[in-house]
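Q: structure here, sequence nowhere to be found:
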Ligand SMILES: [Mn+2]
Ligand SMILES: [Mn+2]
């Protein structure tokens, strides 16, 4: 449990959030923080991660706590540590001290929560011990894998509308997460020449994150097989001709995330084929960011990425046809099968615990179109939204073999030409972009992404 | 999921374990591996940790799998990855390939498990999704927090009797975990002079563990407040006069753990008071290890530690009286309140998911005596057992204030003399000791623990 002195400005920010919530709902809300998950036995737990909705209004990652929000007021429910816990866990702040730190308007033991539930809405927490408790106390199912209903849905929508755009308190934390993630990526690049396998680069990167007293916001991807999109293996040896793809992001002590991907050559030098494709992905990345401003549909950004990639691949002779026509038949998706990005905040896919409630504008649903179905965000952009922009190029054997056999893409892809790019298995470039009144601000801009500077960072010329 | 090619010797080892189990029980056993716990949303999970009992017989950390053990045969239940999973997770081995890797005698999809349950025993897995499934399939409660009953208890006892002593396959893994943990501690010492706060030392240590494609076996303790026994905060600044206590252990990909504690001076130089107490703790550590051999009661080892510490503190003038008399009234426990150690294996507190079934000889229960109630192991030692030896000295304010006020210890502790040792808040020295036919082998012996060498490691003189 991280309980350090909080600044009065945090209390102000938290109070503003509670006030805003009160302007959107006229019923009480009860949010649990959750509890630790046992790992291999009860006393050996995974690190505690408080529910993001709780963190948003309570500010501190307090385990086994709940808050009741009503009319802008916050009531904290938490038990004081048992006297015997001082031996094992040290002197912990008492309920009243914690209440003061987060600007609570009242504080009670957990047992009193039961009498404060009437007509209240809630959101399911991820850990089973807590959602079981939620379900029992409310005498209805409160399940993390189900869509909320009734007032729970009203509450979820209200919270989404708050969390969709970030206040200054959030941005301060998000910038911290970005800065540490940038340092981690630089350390990863610098560690690569001496590393023998992926795990060593990962160790260098996560070591930086841990050294800043942060945690990873998601399971890192650090791999020479970037074509496996969610690769969580780290045992592959590094070969001089490999590209290493690292998708690694830090999360601050208060839970705010960054999400950065860079791809660099193990040798410190892109091959000409790697460089060609890298520059296509970077062109898509830059074009998308240039287009970001309030009012623009995020789906249009995705389409732009698809078009730039299709165009680039056509220029390289890998695809045959005009970019727009290629996108029309989803040819880009053979190499760029995922969405251009997602919301970022307290969660790396922000509010994905609520399904598409945050990512999709009301009335919109996922497309079943190849290459569009994985789009996690489909809304017009607004100032204060933080999104990732993460175009990529991948040669997924299962997909390309399929395409080669289907008549649809047989003459669209120049398979012989493609075979010359065999040393490009997976490239992704991902930055975190804040939508501003004027357009956008790249929170992760301090980490270079042009091929030449990347090479220099790997080779230590900086 | 880590699925690398396994060696034929692993298959032999696994088969031997299954045969041994068959010699102890005459009913089938079904063991689940478990599933990942969601962190802040369903798709963002904590790293998967397979159940230790599953790992012991199946060898590989396969998520969402089960094994049926009967008469020395193993039947694997696991679903083949969906075709769509190749895009996200790459080509994974098929059921039949995995079955071959672990020397299974049969392999079926998960759905067929239901018809193989009759008269079988099981052990609860930690994650709620899996124990719920276990409970439903068996139509009885299978809960991780409850003691097993009936044939489940018979199975648990049989597994305990196997896992209590380690075979060569286990020892190979345990030695790997020890070696990487040793490297981590050396890195932590070397990182200390430049570090500004605890987290930086932790980052250096865990970075090494990650770089070896291992994970931490438990949440690391890296703190200048070693007097908080389970301190999991890492934000304290390092001051030149501080001692830093690091309890950090690696776990191999197959789940085998190490558990090492070292305490070193931030400045690279123990003060004379720190050195005095350090040498008392080290004397207890060495005396305990010297006494380890088959047939010796682990409780006697604990008593020996208590006596050596009491004696050392008496010699320093902190306690007043003869060592035996001081231990008789538990005066040692004012400064050494925990047990001398525990079993170590696939779990850092091995098989603690079964309560005291593994740690306590049949018929024995926890003492309620101050300083003895936390003893996790109370058995005669046998060749092949791996135990930790971890004496310590702590000044826990809550406990010492209590003692100062109680008449019992008022004249036992020389409070004025004690106040001269204010710069010693917490010291622990922990090694992993294998009981051998000849006596013992310290698996972590390659990490120095004498004060002078520790100083040199911190100062980089090596
Ligand atoms: Mn992302
Ligand atoms: Mn230990």
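A: Happy to help now that I have it. Just so it is clear, the model here is predicted, and its values are computed rather than measured. Ligands and ions are numbered 1, 2, ... in the order given.

Q: residue contacts, whatever residue of the stretch 1-150 of chain A ends up closest to chain B?
A: The nearest approach of the stretch 1-150 of chain A to chain B comes at residue A:128, 3.0 Å away (Cβ to the nearest Cβ). All C-beta atoms are positioned from the backbone trio N, CA, C, and that covers glycine. Contact partners of residue A:128, counting by Cβ atoms under 8 Å, 6 or more residues apart in numbering or on different chains, are B:127, B:128, B:129, B:132.

Q: just the closest residue of the stretch 51-200 of chain A to ligand 1, please.
A: The stretch 51-200 of chain A approaches ligand 1 most closely through residue A:181 (11.5 Å), counting by Cβ to the ion.

Q: my guess is that residue contacts residue A:249. True?
A: Yes. Counting by Cβ atoms under 8 Å, a contact exists between residue A:181 and residue A:249, whose distance comes to 5.0 Å.

Q: how deep is residue A:377 tucked in, by neighbour count?
A: Using other Cβ atoms under 10 Å in any protein chain shown, residue A:377 has 26 other residues around it.

Q: give me the number of residues near residue A:407?
A: What residue A:407 shows, counting by other Cβ under 10 Å, is a neighbour count of 6.

Q: residue A:152 is in contact with residue A:123, isn't it?
A: Yes. Residue A:152 sits in contact with residue A:123 when judged by Cβ under 8 Å, with a separation of 6.5 Å.

Q: give the residues shared as contacts by those two.
A: With Cβ under 8 Å, 6+ apart, residue A:152 and residue A:123 have common neighbours residue A:142.

Q: neighbour-wise, which of those two wins?
A: With neighbours defined as other Cβ under 10 Å, residue A:152 and residue A:123 compare such that residue A:123 has more, 25 against 20.

Q: contacting residues for the residue nearest to the more buried one when sequence neighbours are not counted?
A: Excluding the flanking residues, the one nearest residue A:123 by Cβ to Cβ, 6 or more residues apart in numbering or on different chains is residue A:53, at 5.3 Å. Listed by Cβ under 8 Å, 6+ apart, the contact set of residue A:53 reads A:31, A:123, A:159.

Q: please identify which helix or strand holds residue A:53.
A: In this assignment (DSSP states H and E), residue A:53 forms part of helix A:52-58.

Q: which element is encountered next along the chain beyond that helix?
A: Going down the chain from helix A:52-58, the next helix or strand is strand A:66-70, by DSSP H and E.

Q: poorly predicted segments of the stretch 351-462 of chain A, please.
A: Within the stretch 351-462 of chain A, the stretches falling below the threshold (pLDDT under 70) are A:462.

Q: strands of that one, start to end?
A: Using DSSP state E, counting those that start in this stretch, the strands of the stretch 351-462 of chain A run over A:386-389, A:392-394, A:426-428, A:431-435, A:440-442.

Q: run through the residues of the stretch 1-150 of chain A sitting next to ligand 2.
A: By Cβ under 5 Å from the ion, no residue of the stretch 1-150 of chain A approaches ligand 2.

Q: what ranges do the helices span in the stretch 1-150 of chain A?
A: Counting by DSSP state H, counting those that start in this stretch, residue ranges of the helices within the stretch 1-150 of chain A are A:8-24, A:52-58, A:85-89, A:95-101, A:128-138, A:150-163.

Q: lowest-confidence stretch among those?
A: Of all the helices of the stretch 1-150 of chain A, the segment with the smallest mean pLDDT is helix A:85-89, scoring a mean of 82.

Q: helices and strands around that helix, which ones?
A: The contact analysis (3 or more Cβ pairs under 8 Å, 6 or more residues apart in numbering or on different chains; DSSP states H and E) places helix A:85-89 against helix B:397-405.

Q: starting at the chain centroid, how far to the helix it packs on?
A: The chain centroid and the centroid of helix B:397-405 are separated by 30 Å under Cα atoms, centre = their mean, to the nearest Å.

Q: likewise stretch A:62-77?
A: Centroid separation between stretch A:62-77 and its chain, computed with Cα atoms, centre = their mean, is 26 Å.

Q: endpoints of it, how far apart?
A: Looking at stretch A:62-77, the gap from its leading to its trailing residue is 10 Å under the measure Cα to Cα, to the nearest Å.

Q: and that stretch, what's its mean pLDDT?
A: 97.

Q: any buried residues in that stretch, and which?
A: Buried residues in stretch A:62-77, counted by 16 or more other Cβ atoms under 10 Å in any protein chain shown: A:62, A:64, A:65, A:66, A:67, A:68, A:69, A:70, A:74, A:75, A:76, A:77.

Q: widest-spaced pair of these?
A: The distance between the two most remote of the buried residues of stretch A:62-77 (Cβ to Cβ) is 21.4 Å, for A:64 and A:70.

Q: just to revisit the earlier point, nearest to residue A:323 among the buried residues of stretch A:62-77?
A: With Cβ to Cβ as the yardstick, the closest approach to residue A:323 among the buried residues of stretch A:62-77 comes from residue A:69, at 49.2 Å.

Q: tell me the contacts of that closest one?
A: By Cβ under 8 Å, 6+ apart, the contact set of residue A:69 is A:18, A:21, A:22, A:28, A:29, A:30, A:31, A:57.

Q: over to residue A:394?
A: With Cβ under 8 Å, 6+ apart as the criterion, the residues that contact residue A:394 are A:226, A:227, A:229, A:335, A:336, A:337, A:425, A:426, A:427, A:428.

Q: pretty sure the fifth one contacts residue A:390?
A: Think residue A:336. No. Between residue A:336 and residue A:390 there is no contact, the gap being 10.1 Å when judged by Cβ under 8 Å.
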